[in-house]
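Colleague: Let me see the structure of the following:
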Amino acid sequence: TYIELGKVYTAQLKYREAIEVYLEGLDFSPENPEILTTIGLLYIRAGENFQAFQFLGNSLTHDPENSKTILAAGSIIQDKSDHDAALLKYRIAAVDNPDSAELWNNIGM
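Modeller: Coordinates of the predicted model:
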């Protein structure tokens, strides 16, 4: 499947190839929040936060309580120095995942 092939490329640190595979997967499942979040996370790894934020936002429209997506979006917001908005996202993520090391690391930044 597209997800499995994307995971292989990601493990090989071939983020561009992984993004392309997941984008092909969106043709068959355009509202799949898992694929949308994964593409967003890959764009973050590729250093393209604007693209990442678009996919993460789209994912949140379909699954607004996904703590992984909320955390990633909060991280991008925090990078833009909007700390209050980032903290709001982190509070939402903390409800579902209070033991997340990434969450508390970002809050401490």
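Colleague: Can you tell me what sits against stretch 91-98?
Modeller: Stretch 91-98 is contacted from outside by 65, 67, 70-71, 74, 100, 103, using CB atoms under 8 Å, 6 or more residues apart in numbering. For the C-beta atoms, the positions are set from N, CA and C on the backbone; glycine is no exception.
Colleague: Any chance of a markdown table for those, columns secondary structure?
Modeller: Below are these laid out as a markdown table (DSSP: H, G, I helix; E, B strand; the rest coil):
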| residue | secondary structure |
| --- | --- |
| E65 | coil |
| S67 | helix |
| I70 | helix |
| L71 | helix |
| G74 | helix |
| S100 | coil |
| L103 | helix |
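Colleague: Report the buried members of these.
Modeller: With burial judged by 16 or more other CB atoms under 10 Å, the buried subset of these is 67, 70-71, 74, 100, 103.
Colleague: picking that back up, of the contacts of stretch 91-98, which is the nearest to A18?
Modeller: Distances from A18 to the contacts of stretch 91-98, taken as CB to CB, are shortest for L71 (19.9 Å).
Colleague: so who does the closest one touch?
Modeller: The contact partners of L71, by CB under 8 Å, 6+ apart, come to 89-90, 93, 97, 100, 102-103, 106.
Colleague: wait, which of the residues you listed is closest to L5?
Modeller: If you rank these by distance to L5 using CB to CB, E102 comes first, at 25.8 Å.
Colleague: lowest-pLDDT helix or strand in this protein?
Modeller: Least confident helix or strand, the chain: helix 101-108 with a mean of 83, by mean pLDDT, DSSP states H and E.
Colleague: which parts of that one are buried?
Modeller: Result for helix 101-108 [16+ other CB under 10 Å]: buried residues 103, 106-107.
Colleague: what's the answer for stretch 27-44, then?
Modeller: 32-44.
Colleague: Let me know the helix or strand that the closest residue in space to F53 that isn't next to it in sequence is in.
Modeller: Ranked by CB to CB, 6 or more residues apart in numbering and with sequence neighbours excluded, the top spatial neighbour of F53 is I76, at 5.0 Å. Using DSSP states H and E, I76 sits within helix 67-79.
Colleague: cool, L42 as well?
Modeller: Per DSSP H and E: L42 is located in helix 33-45.
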